[in-house]
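Novice: pasting the sequence and the predicted model now:
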Amino acid sequence: MKLANLMIDSKPRLCLLREEAYITVSQADPSLSDDICSFLEKVDWKVLTQAAHNNRNWRPVPPRQWLPPLSLQSRIFCVGKNYRDHAKEMGVSEKILEQSRSPNPDIFIRFPSSFSSHDSVVYYPKAEGTFDYEGELAVIIGKEGKNITPDNAEDHIFGYSIANDGTVRRVQKQTSQFTLGKNFDQSGALGPMITHKSAFDLSIPHSIITKVNHIEKQNGIITEMIFSVTEIITAISAVTKLRAGDIILTGTPAGVGAGRIPPEFLQDGDQVTIEISNLGMLSLSVKAS
């Protein structure tokens, strides 16, 4: 089973999914909240899925009713230039990459308002011509913690999803900080679902493949990250206590539009898909607004 945020009877509901059917988490356990942060603070995943298995309230998943699997209380931490080939295409020299790894990953923040959902639209300002895609593995924190060690980091993960770290490059490059270029409303995306960590092995070289209008643009492997997922969790939790429902976007592999010669940015009407093996596919339409 997987976890998803769906619009059911005009209300956001946290749901369990299996194949093409869903059940709300409250139908499986009435004590659980539809807010993912509150849900993760309380849930016992094994007990919940066992209770849901024999429940008779399973229904077909309604079309185009996906919501991003996050809360307004979620903090979204993002890692910049976490794949060597992507760092190189964005201007980091081979000499710098070879000299030494920086002690900590580059971290910036996205807001919940900057995310759309699966099977929906990502937006960019009509006057901007540098809207770019970035396919990424998203990590969902399930247990709070401060000063988490790499050996214990996976204990604090609930599961994984797929993200598009949509970026307006012109605005991003106006300052040394990435925040403004990364936070246009609904310019990024998250989903479709969250896969529990028991069903996704980080040590396996899962692929990240991004396509624009069915043409492959990115093809990376998560095991090629400069900073691993556990190292990223350690670095962030040394500064702030991670909370259930926080999300970490772990960086994008090479192939982004800004790194191509000539650059290839997204246009109104483009179709973007991001697929991570064992997690599914995030599908998006692009619209100038």
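Specialist: Good, I have the coordinates. Numbers count the residues shown, from 1 in each chain.

Novice: going by C-alpha atoms from here, please, whenever you check contacts or count neighbours.
Specialist: Will do.

Novice: the stretch 51-200 of the chain: strands as residue ranges?
Specialist: 59-60, 66-67, 76-80, 106-110, 115-116, 120-124, 131-132, 135-141, 157-164, 167-168, 188-196 (DSSP state E, counting those that start in this stretch).

Novice: Val47 in helix, strand or coil?
Specialist: helix (DSSP: H, G, I helix; E, B strand; the rest coil).

Novice: and the residue sitting furthest away from the middle of the chain, how far from Val139?
Specialist: Of all residues in the chain, Arg56 has its C-alpha farthest from the mean position, at 31.5 Å, by CA atoms, centre = their mean. According to CA to CA, to the nearest Å, Arg56 and Val139 sit 31 Å apart.

Novice: could you pull out the helices for this structure?
Specialist: Shown for the chain, the helices assigned by DSSP state H span residues 25-28, 36-42, 45-53, 84-89, 94-99, 169-172, 229-237.

Novice: how close does Phe200 get to His214?
Specialist: For Phe200 relative to His214 (CA to CA), the value is 26 Å.

Novice: show me which of these two is the more surrounded one.
Specialist: Phe200 (15 against 11; other CA atoms under 10 Å).

Novice: now the more buried one, nearest residue through space, not along the chain?
Specialist: Asn278 (6.8 Å; CA to CA, 6 or more residues apart in numbering).

Novice: quick one: contacts for the closest residue to Glu154 other than its chain neighbours?
Specialist: Spatial nearest neighbour of Glu154, excluding adjacent residues (CA to CA, 6+ apart): Thr230 at 6.7 Å. Neighbouring residues of Thr230 by CA atoms under 8 Å, 6 or more residues apart in numbering: Thr149, Pro150, Asp151, Ala153, Glu154.

Novice: same question, Pro125
Specialist: Ala288, Ser289 are the contacts of Pro125 under CA under 8 Å, 6+ apart.

Novice: could you check the pLDDT of it?
Specialist: pLDDT recorded at Pro125 is 97.

Novice: give me the pLDDT value at Asp246.
Specialist: 98.

Novice: surely it meets Leu72?
Specialist: No. Contact criterion CA atoms under 8 Å: Asp246 and Leu72 do not qualify, at 10.2 Å.

Novice: count of neighbours near the closest residue to Thr210 other than its chain neighbours?
Specialist: With CA to CA, 6+ apart as the criterion, Thr210 has its nearest non-adjacent residue at 4.4 Å, and that residue is Ile274. Residue neighbour count, defined by other CA under 10 Å, stands at 27 for Ile274.

Novice: and Cys78, bridged to which residues?
Specialist: Phe108, Leu249 (DSSP bridges).

Novice: does it touch Glu134 like I think?
Specialist: No. Using CA under 8 Å, Cys78 is not in contact with Glu134; the gap is 11.5 Å.
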